[in-house]
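**Student:** Give me a model of this one.
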Amino acid sequence: MTAGEEFLDDDNSIDVYALFVLEDYVPHSIINEVLSTNADEPPGDYYLWPADNYSTLPPLRHWPHPGTVKPPIDPSWRSPFVGKTLKQAARFVRNAPKPLCRTFFAVLVKERYEKDGCVRICKIVIGEEVQSFFYDGEDVVTYFIGHDRDTWEETWRSLREGKPQQHIADPEWLDDDNRVDVYALFVLEDVPHSVHFPNKFTP
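**Tutor:** Presented below is the predicted three-dimensional model:
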């Protein structure tokens, strides 16, 4: 490999993206479907890498495109990230060697994908802080490698203001204490239910 073939130190110029499976019992058929629908055809380049050990990353090269895992995946494959958190996934991405993108990644949520075909796309904004929203599952790579990701801040701001965006489902408010809308009410002494649930809120 010549120096000209190597990527510069620009995390946003790398076109292999981690696809995390954080829960058990995600069928291989779903993983294979997401990998297949996000392939570039032709020439059949695969951009999503089922997150595993760094040792399974494709070789670093600019051309031809780094060859990622082509579906179908190995029937014995199991995600090493089952039970892990989104922050742990972000830490893995941030510390990854090239050619893995260290800014954007995706998470396959079984229930959500089966419901409406959406995949969670994520961006690490500061340290391990993650912003994410659900996006059309077949267009994840199109978002990552296209112009749309360059407008992330604008899109995120619009979503926070409640403005619908094409291809985007509900955003996920993660690690933002000012955007959480469920609050705990502690009762530290014996108080009648009539005080707990006044008026129309009486159960």
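**Student:** the strands in this protein, which residues?
**Tutor:** With DSSP state E, the ranges of strands along the chain come out as 17-20, 48-50, 104-107, 118-126, 129-136, 168-172.
**Student:** Below-threshold pLDDT in this protein: ranges please.
**Tutor:** Low-confidence segments of the chain (pLDDT under 70): 1-14, 41-44, 61-67, 164-167, 169-187, 190-203.
**Student:** thinking again about what came up before, show me the one of the strands of the chain that comes nearest residue 87.
**Tutor:** strand 129-136 (6.9 Å; CB to CB). Every C-beta, even on glycine, is put in place using the N, C-alpha and C of the backbone.
**Student:** how big is the angle separating the closest one from strand 118-126?
**Tutor:** 160 degrees (axes from the mean of the first three to the mean of the last three CA atoms, to 10 degrees).
**Student:** Quick one: list the elements packing against strand 129-136.
**Tutor:** helix 86-94, strand 118-126, helix 152-160, strand 168-172 (3 or more CB pairs under 8 Å, 6 or more residues apart in numbering; DSSP states H and E).
**Student:** if we can go back for a sec, just put the strands of the chain in TSV and tack on mean neighbour count.
**Tutor:** Formatted as TSV, the strands of the chain follow (neighbours: other CB atoms under 10 Å):
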stretch	mean neighbour count
strand 17-20	25
strand 48-50	24
strand 104-107	24
strand 118-126	21
strand 129-136	20
strand 168-172	16
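**Student:** Nearest to residue 83 among these would be which one?
**Tutor:** strand 17-20 (11.7 Å).
**Student:** if we compare the strands of the chain, which one ends up closest to residue 88?
**Tutor:** strand 17-20 (9.4 Å).
**Student:** Parallel or antiparallel, list what pairs with the closest one.
**Tutor:** Strand 17-20 sits in its sheet next to strand 48-50 (parallel), strand 104-107 (parallel), going by DSSP bridges.
**Student:** Need the ones you listed in JSON lines (columns: distance to residue 33).
**Tutor:** Shown next, in JSON lines, are the strands paired with strand 17-20 (distance: least, CB to CB, whole Å):
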{"stretch": "strand 48-50", "distance to residue 33": "11"}
{"stretch": "strand 104-107", "distance to residue 33": "13"}
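**Student:** between these, which gets nearest to residue 30?
**Tutor:** strand 48-50 (11.4 Å).
**Student:** wait, which of the strands paired with strand 17-20 is closest to residue 163?
**Tutor:** Nearest of the strands paired with strand 17-20 (CB to CB): strand 104-107, 21.9 Å.
**Student:** In PDB, list the C-alpha atoms belonging to the closest one.
**Tutor:** Output of strand 104-107 as PDB, limited to C-alpha atoms (Å, rounded to 0.1, in the frame of the first residue of the first chain):
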ATOM      1  CA  PHE A 104     -21.000   7.500  13.000                       C
ATOM      2  CA  PHE A 105     -22.300   4.000  13.700                       C
ATOM      3  CA  ALA A 106     -25.600   2.100  13.600                       C
ATOM      4  CA  VAL A 107     -27.500  -0.100  16.000                       C
END
